[in-house]
Each structure stands twice: as C-alpha cells, then as structure tokens.
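**Student:** only geometry, no sequence info:
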C-alpha cells in the first residue's frame, strides 16, 4: 500500500458559486450540520484507508531566504490515506462533502514518496 496526502482547497470563487455567504444563519447552520454528517459517513465508509483524518488549516506563513511573510493560499484542510494506487486514492474522494455540500473547490491527492537514500 502507498500513502497519499489529500489537500482540500477552497477559493472565494467556490464560496460564491455555492452561495455560501448569502445563506442566512439558519440555512448555513443546517448545511454545516448536513456536511458534518456526510463527512462522518465518508470517514466511516473509508476508515480502512484513512491514516489521518486530518484537520482544517489556519493562516499561512512562508519562510524563505528573504525571511518570513504572511501569505494566502487555497489550502483549507488535509487528510492522509493509504491505497494501492494513485487512482484508487483519488476515487476515495469522488463526490466528497467538501465540495458537494461545503463550498470547497477541490481535493488534490499526491503520493507521499520515500525519502531518497
């Protein structure tokens, strides 16, 4: 089995397309409850493949040879899964609540490769 990092992305445009910010408080809370329930079902369905359910991500700082800077990116959460192939790992996330209920943009899945040497 291979290990894969799944990065959940979200953009202002995906929030707008989903109409998330125009929901009234009751509608938003109802959608959040539905999303959390669907996410829980996704976890239960895929429990054998999940190494780390992950968590939401906070603000970003970039460190480079120029120093430390506050930046914005589209990364909003992560998870770690195991699967026999990249395609199998990606299939775990088809119709995921991150973008079918919540206003997420997409989920990007990449293999965690062994360290050289």
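**Tutor:** Received it, and whenever you're ready, just let me know what you need. None of these values were measured; they are calculated from a predicted model.

**Student:** can I assume residue 71 is in contact with residue 61?
**Tutor:** Yes. Here residue 71 reaches residue 61: they are 7.2 Å apart, a contact under CB atoms under 8 Å. C-beta: built from backbone N, CA, C; applies to glycine.

**Student:** can you give me the buried ones in the helix or strand of the chain with the lowest mean pLDDT?
**Tutor:** Least confident helix or strand, the chain: helix 12-18 with a mean of 92, by mean pLDDT, DSSP states H and E. Using 16 or more other CB atoms under 10 Å as the test for burial, helix 12-18 gives 14, 15, 18.

**Student:** let me see the contact set for residue 82.
**Tutor:** Residues near residue 82 by CB atoms under 8 Å, 6 or more residues apart in numbering: 1, 2, 3, 4, 49, 50, 51, 89.

**Student:** list phi and psi for the nearest residue to the first one once chain neighbours are set aside.
**Tutor:** Using CB to CB, 6 or more residues apart in numbering and skipping residues adjacent in sequence, the residue nearest residue 1 is residue 82, 4.5 Å away. For residue 82, the backbone dihedrals (degrees, to the nearest 10) come out as phi -120, psi 140.

**Student:** ranges for the strands of the chain?
**Tutor:** Applying DSSP state E to the chain gives strands spanning 2-9, 50-56, 60-64, 67-71, 75-83, 106-111.

**Student:** mind putting those into CSV with distance to residue 28 and mean pLDDT?
**Tutor:** Putting the strands of the chain into CSV (distance: least, CB to CB, whole Å; pLDDT from 0 to 100) gives the following:
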stretch, distance to residue 28, mean pLDDT
strand 2-9, 19, 98
strand 50-56, 16, 97
strand 60-64, 25, 98
strand 67-71, 27, 98
strand 75-83, 17, 98
strand 106-111, 21, 98
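
**Student:** export those as TSV, with columns for distance to residue 95.
**Tutor:** Formatted as TSV, the strands of the chain follow (distance: least, CB to CB, whole Å):
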stretch	distance to residue 95
strand 2-9	14
strand 50-56	17
strand 60-64	28
strand 67-71	31
strand 75-83	15
strand 106-111	11
